[in-house]
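> 3D model of this:
(2 chains)
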Protein chains: 2
Amino acid sequence: MKKGESTMTEIKFERAAALKAKPQDESKLGFGSIFTDYMFVMEYTEGRGWHDPVIKPYGPLPLDPSAMCLHYGQEVFEGMKAYRAADGRILLFRPEENFKRLNTSCERLCIPKVDEAFCLKALEQLVEIERDWVPHIPDASLYIRPFIIATEGKLGVHASNSYYYVVVLSPSGPYYAAGLDPVKIYVEKSYVRAVRGGMGFAKTGGNYAASLKAQEEASEQKYAQVLWLDGVERRYIEEVGAMNIFFVIGDEVVTPALQGSILPGITRKSALELMASWGLTVSERRLAIDEVAEAYDKGLLKECFGTGTAAVVSPVGELKWGDKVMEIGGGQIGPVSQRLYDTLTGIQWGKVEGPAGWSVEVCK
Amino acid sequence: MKKGESTMTEIKFERAAALKAKPQDESKLGFGSIFTDYMFVMEYTEGRGWHDPVIKPYGPLPLDPSAMCLHYGQEVFEGMKAYRAADGRILLFRPEENFKRLNTSCERLCIPKVDEAFCLKALEQLVEIERDWVPHIPDASLYIRPFIIATEGKLGVHASNSYYYVVVLSPSGPYYAAGLDPVKIYVEKSYVRAVRGGMGFAKTGGNYAASLKAQEEASEQKYAQVLWLDGVERRYIEEVGAMNIFFVIGDEVVTPALQGSILPGITRKSALELMASWGLTVSERRLAIDEVAEAYDKGLLKECFGTGTAAVVSPVGELKWGDKVMEIGGGQIGPVSQRLYDTLTGIQWGKVEGPAGWSVEVCK
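This is a model prediction of the structure:
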């Protein structure tokens, strides 16, 4: 499908025989476990390109047991949300950024790119159909998961010649059940998430698969997530389990620079842009874990927080590095974290006017 | 399913309504693109363990669009072969090693382990049913692909609570169409396959996903595979695309030591054991690419070959490192490579008596 060719009218709609009951208690949604009535599916065939876009009832994908995604991890995904504003509008937050990143991931994984504008239109159409599924209570939203999987049924290791692009929707509560309470993070010393030259900057299965073991071990020790260090020197901070990470050191807000092994978060980017617009000193640079420890010892480590679509802003209250336990912010949420959280969620839920183009209205 | 509980009689058999036509021309099988009539499937459910083993017609697996394997790459696999001996026996080569490695992969990927003895029995039963699919011509075999995929339909990043273990069979010709002709390999400088602390030693999708881009770029330059260097110093040799790698330098046969980022190949292990038994000086150690280049300049680089289930032994005729092109063996197969190939394939096809236990007879 060439750019510009696509129109919404091309999307077929297969109506469900019956609709599911909506969740009765939105305070118990959890994350990513309930799915709406419909999904969007589009196929790719070599020589034909992306074709046959359809909105159809959510249901199993029949995959050949030899489909490449099941063996060689050729799969990419995105994560975004639809928010219900107080006046009933359904809003997306910088969705173009997600489709742009999806294509960056596609390129690394040798997956054919999608038409970003068409995918956004298709998403808007799907969300509009499912608008009643967008939660009504504060901090809950409709989580959106676009993903692409390799479907060719062959066992030779090469890029697939066929794919599914699928979008599923899941009404979800806040990602962390504990809400904005500061989380405990532990600096991972044994496992590495990704290394430069690998695929750490892409949103692809393998990066998450690599993280499961460390996450399990952290959970056993009652830590919420792990903080990843770089795979080469095992010294420079990269990111947290499902988030990018920021530190307020003295008057500087620091986050690790993107250099290939770190996911380029859209919340990260938005946080950087907002903080710069507030006149804060914001740096994207190399940041060693020992620099953080030194700042802590000098009383300069004022705040630490993660950013991500799921959690938005997640304050870190404890950072454990070997035997060293750093308690940050005295169990409270720091002023920068709080302002960012309020501003970002304010824009997302349509309460605050954000920079031009950040908020995209799907329907009223 | 606890060890010892399982018996072959537990495996249900669902007969296919009609069988497929067998390939008429076995010289045109290719690799991993034709599948037999049946597959083995077993499910895992938290609290129940592995259950409901069944041999049923090869066909689509219905997967929830949110199945974790499609998003977070929680998937592992194995590769092995069944060989037809001249006297009609169907043989496996060290299959216990594959199931042992499958469990090593499972552990890294937080997947519940399988009962290795039961899986071997189930495989033997499946191969016996499909014995007519084992090719008859030289160098062709029945490729066996056991794999495990995470099936829980949830989008939170954590280990799945349900899985499929599946075995599919594919009659296949030699992996490299060019046969034992020496291949051209290129030393990868930009991309990294895996790093220590990652999951390079596990047979899991993400490692292969990470390799696709480098492989594509190598193919564009008419190279068969890439040679991976370590992700930390970008200097030490790790492995080749789908194989482990060996160098004959002077009187020493060297292969990189296993240290977490390299796949512990069963052909690699077998080659090491065979060469040691022949009285060759065999080393598993760190090997820098500049040491190889230096040996080449001194005329000491006698042979280079890859080992793997698919190719068995694959001589490398050209190794390109930046601008330096090393021509090895003058387009011929070296004596060590040839002896290894003859011995390994001899054992696999039942022509040569191998060490005790290497050859497992499935049926006559």
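> per the record, what domains does chain A have?
According to automatic domain parsing, chain A comprises the domains A:8-173, A:183-348.
> same list (those) but as JSON lines, adding mean neighbour count, mean pLDDT and distance to residue B:184.
C-beta: built from backbone N, CA, C; applies to glycine. Written out in JSON lines, the entries for the domains of chain A read as follows (neighbours: other C-beta atoms under 10 Å in any protein chain shown; pLDDT from 0 to 100; distance: least, C-beta to C-beta, whole Å):
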{"stretch": "domain A:8-173", "mean neighbour count": "19", "mean pLDDT": "96", "distance to residue B:184": "17"}
{"stretch": "domain A:183-348", "mean neighbour count": "20", "mean pLDDT": "95", "distance to residue B:184": "22"}
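> out of the ones you listed, which comes closest to residue B:309?
Each of the domains of chain A was checked against residue B:309 via C-beta to C-beta, and the shortest separation belongs to domain A:8-173, namely 11.5 Å.
> any idea how far the closest one is from the chain center?
On the basis of C-alpha atoms, centre = their mean, to the nearest Å, domain A:8-173 is displaced by 13 Å from the centre of the chain it belongs to.
> same question, stretch A:353-364
Its chain's C-alpha centre lies 19 Å from the corresponding centre of stretch A:353-364 when counted by C-alpha atoms, centre = their mean.
> what is the mean pLDDT for that stretch?
Averaged across stretch A:353-364, pLDDT comes to 93.
> now whichever residue of the stretch 151-300 of chain A sits closest to chain B: which helix or strand?
When distances are taken as C-beta to the nearest C-beta, the stretch 151-300 of chain A approaches chain B most closely through residue A:206, which lies 2.2 Å from it. Counting by DSSP states H and E, the element that carries residue A:206 is helix A:205-220.
> next secondary structure after that helix?
Helices and strands here follow DSSP H and E; after helix A:205-220, the next one along the chain is strand A:225-229.
> dump the residue contacts of residue A:325.
Going by C-beta atoms under 8 Å, 6 or more residues apart in numbering or on different chains, residue A:325 touches A:318-319.
> let's verify it: helix, strand, or coil?
When classified by DSSP: H, G, I helix; E, B strand; the rest coil, residue A:325 comes out as strand.
> please apply the same query to the one 5 residues further on.
Reducing the assignment at residue A:330 to three states with three-state DSSP gives helix.
> roughly how far does it sit from residue B:292?
Taking C-beta to C-beta, to the nearest Å as the criterion, residue A:330 is separated from residue B:292 by 56 Å.
> kindly report the same for residue A:241.
39 Å.
> what do you get for residue A:315?
51 Å.
> distance between the ends of stretch A:38-53?
Terminal residues of stretch A:38-53 are spaced 13 Å apart (C-alpha to C-alpha, to the nearest Å).
> should've said stretch A:19-29
Using C-alpha to C-alpha, the span of stretch A:19-29 from its first residue to its last is 18 Å.
> what of stretch A:263-283?
As for stretch A:263-283, its first-to-last residue distance stands at 17 Å under the measure C-alpha to C-alpha.
> what sits up against that stretch?
Taking contacts as C-beta under 8 Å, 6+ apart, the residues outside stretch A:263-283 that touch it are A:80, A:93-94, A:97-98, A:101, A:104, A:200-203, A:207, A:239, A:243-244, A:246, A:251-255, A:258, A:284, A:307-309, A:312-313, A:336, A:339-340, A:343-344, A:355, A:358.
> and if we set it to 6 Å?
Defining contact as C-beta atoms under 6 Å, 6 or more residues apart in numbering or on different chains, one finds that stretch A:263-283 is touched by A:94, A:97, A:244, A:251-254, A:258, A:307-309, A:340, A:343.
> ok, residue A:245 - contacts?
For residue A:245, the contact set (C-beta under 6 Å, 6+ apart) comprises A:239, A:306.
> for it, what is the enclosing helix or strand?
For residue A:245, the secondary-structure element it belongs to, assigned by DSSP H and E, is strand A:244-249.
> again, but for residue A:185
Assigned by DSSP H and E, residue A:185 belongs to strand A:183-187.
> now that strand against strand A:244-249, angle please.
90 degrees (axes from the mean of the first three to the mean of the last three C-alpha atoms, to 10 degrees).
> confirm that residue A:83 sits in a helix.
No - assessed with three-state DSSP, residue A:83 is strand; it does not lie in a helix.
> tell me which element the closest residue to residue A:234 other than its chain neighbours falls in.
Of all residues beyond its chain neighbours, the one nearest residue A:234 is residue A:189 (7.3 Å), with distances taken as C-beta to C-beta, 6 or more residues apart in numbering or on different chains. Secondary structure from DSSP H and E places residue A:189 outside every helix and strand.
> for residue A:189, phi and psi?
Backbone torsions for residue A:189, taken as degrees, to the nearest 10, come to phi -110, psi -20.
> so how far is chain B from residue A:20?
Taking C-beta to the nearest C-beta, to the nearest Å as the measure, residue A:20 and chain B are separated by 14 Å.
> check contacts around the nearest residue to residue A:231 once chain neighbours are set aside.
Take residue A:231 and drop its neighbours on the chain: the residue closest to it by C-beta to C-beta, 6+ apart is residue A:195, 3.4 Å away. Residues in contact with residue A:195, defined by C-beta under 6 Å, 6+ apart, are A:231, A:261, B:192, B:195, B:231.
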